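J.: A structural model of the following input is requested.
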Amino acid sequence: EVQLVESGGGMVQPGGSLRLSCAASGFTFSDYDMTWVRHVPTKGPEWVSAIDAAGHTYYGDSVKGRFTISRDNPKNTLYLEMNNLKPEDTARYYCARVTKWEAGQTDYWGRGTQVTVSS
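T.: Next comes the predicted model:
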């Protein structure tokens, strides 16, 4: 059974940092591209970042230069290092497994972890 479990969210002040983790199981993690997506109820989903199986990384314009995606294949874990956080980064963050990179198609998602940036 494929499972993705996010952790590491919390409340932080503007300018602070958090590191999100996504523990994967039930599939060969190293074979898959992975992505982070965030969701705010009033705005809908926003793509944040992605990393392909070869380790190439991609970022949305709103997080470029502040967030870093990485993966540890032996640990079956995806990470999102978030620095210089802003109130507009407040959202629920989800990791997802990518099935078709060109189409941005995903199949499995975790339950998410809440990030709140507030003073």
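J.: okay, which residue is most central for the protein?
T.: With distances taken as C-alpha atoms, centre = their mean, Trp36 lies nearest the centre of the chain, 2.8 Å away.
J.: That residue: which element?
T.: Using DSSP states H and E, Trp36 sits in strand 34-40.
J.: Then Ser21?
T.: strand 18-25.
J.: which residues are contacting that strand?
T.: 1-10, 12, 34, 36, 76-82, 85, 93, 95, 97, 110, 113, 115 (C-beta atoms under 8 Å, 6 or more residues apart in numbering). In this view, the C-beta of every residue, glycine as well, is placed from N, C-alpha and C.
J.: Among the residues you listed, name the ones in strands.
T.: Applying DSSP state E to the contacts of strand 18-25, the entries found in strands are 3-7, 10, 12, 34, 36, 77-82, 93, 95, 97, 113, 115.
J.: before we move on, the earlier item: which of the contacts of strand 18-25 count as buried?
T.: For those, a burial check counting by 16 or more other C-beta atoms under 10 Å picks out 4, 6, 8-9, 12, 34, 36, 76-80, 82, 85, 93, 95, 97, 110, 113, 115.
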